[in-house]
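>>> pasting the sequence and the predicted coordinates here, then a few questions.
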Amino acid sequence: QQQVKQSPQSLIVQKGGISIINCAYENTAFDYFPWYQQFPGKGPALLIAIRPDVSEKKEGRFTISFNKSAKQFSLHIMDSQPGDSATYFCAASMGGNMLTFGGGTRLMVKP
Amino acid sequence: KAGVTQTPRYLIKTRGQQVTLSCSPISGHRSVSWYQQTPGQGLQFLFEYFSETQRNKGNFPGRFSGRQFSNSRSEMNVSTLELGDSALYLCASSLGPQGAGYGYTFGSGTRLTVV
């Protein structure tokens, strides 16, 4: 199974709130799990990534939580800002350059 | 340091025509991967090239092909265009085939519209 399932499809959060996006995967051979942020007219940009030997990784306001036994991982955006309004994609790969992407989450942060 | 450059940015083609898209990777990056992005199917992997050789291929028909030159620049070609080929085509470059965790960077894409 190559699928990565992402939820929710869209999310509205008030400024200063916490945005949470979830992903689930089936293939236990995946060993790299990045999150990408995409603005209209731009390509995806790497936000933060994690490998399965770590349960949590934090970079600034962005945190990945990883649950290997449940085959789930999530992105938490603390103190969400209007500038965070974008589409977010989770992805997974198996030691190579082929990424399998989730369906995307359109985040809107209201001022 | 220049990023990944994709040309052209926008393209309008007619059904049945063919199209060639170009991708210049970040200097020093030798691996180039291509993706198709559509509202319905999301981001889907097309193929990856390293040292002028195709290493991986996604689940796309043979109308989609690519190549890589000795300077690591890559082109992808779509023949006999169909309306469903309308999409944003993205390329990503990385240092090598050792994994997407090593400098994997996307370009801004080529928006192809088939009419």
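Arrived safely, thanks for sending.
>>> got the residues of chain B near chain A?
Residues of chain B found near chain A (C-beta under 8 Å from any C-beta of the partner chain) are B:4, B:31, B:33, B:35, B:42-45, B:48, B:50, B:55-56, B:58, B:90, B:92, B:94, B:97, B:99-101, B:104-109. Where C-beta positions appear, they are placed from N, C-alpha and C, glycine not excepted.
>>> taking the residues you listed one by one, which sit in strands?
If you go by DSSP state E, those have B:31, B:33, B:35, B:42-45, B:48, B:50, B:55-56, B:90, B:92, B:94, B:105-106 in strands.
>>> now, of the residues you listed, which are buried?
Listed as buried from these are B:31, B:33, B:35, B:42-45, B:48, B:50, B:90, B:92, B:94, B:105-106; burial here means 16 or more other C-beta atoms under 10 Å in any protein chain shown.
>>> now do the contacts for the residue in chain B that chain A sits nearest to.
Among all residues of chain B, B:Phe106 sits closest to chain A, at 3.4 Å; criterion: C-beta to the nearest C-beta. By C-beta atoms under 8 Å, 6 or more residues apart in numbering or on different chains, the contact set of B:Phe106 is A:36, A:43-45, B:4, B:90-92.
>>> with adjacent residues omitted, what lies nearest to the residue nearest the centre of chain B?
By C-alpha atoms, centre = their mean, chain B has its centre lying nearest to B:Trp34, at 3.2 Å. Residue nearest to B:Trp34 in three dimensions, not counting chain neighbours: B:Leu46, with 4.1 Å by C-beta to C-beta, 6 or more residues apart in numbering or on different chains.
>>> for A:Leu107, give its distance to A:Trp35.
12 Å (C-beta to C-beta, to the nearest Å).
>>> check B:Leu83 too.
In terms of C-beta to C-beta, B:Leu83 sits 32 Å off from A:Trp35.
>>> between those two, which is the more surrounded one?
In terms of neighbours (other C-beta atoms under 10 Å in any protein chain shown), A:Trp35 is the more surrounded of B:Leu83 and A:Trp35; the figures are 23 against 9.
>>> so the more buried one bridges to which residues?
Beta-bridge pairing for A:Trp35 (DSSP bridges): A:Ile48, A:Cys90.
>>> wait, it sits on A:Ala92?
No: counting by C-beta atoms under 8 Å, A:Trp35 stays clear of A:Ala92, with 10.7 Å between them.
>>> any regions of chain A where pLDDT drops low?
The model of chain A has pLDDT under 70 over residues A:1-2.
>>> which residues touch the residue nearest to B:Pro25 when sequence neighbours are not counted?
In space, and not counting its chain neighbours, B:Pro25 is closest to B:Ser93: 3.2 Å by C-beta to C-beta, 6+ apart. Listed by C-beta under 8 Å, 6+ apart, the contact set of B:Ser93 reads B:4, B:23, B:25-26, B:29, B:31-33, B:72, B:103-105, B:107.
>>> recalculate using a threshold of 6 Å.
B:4, B:25-26, B:29, B:32, B:105 (C-beta atoms under 6 Å, 6 or more residues apart in numbering or on different chains).
>>> no further queries at this time; thank you.
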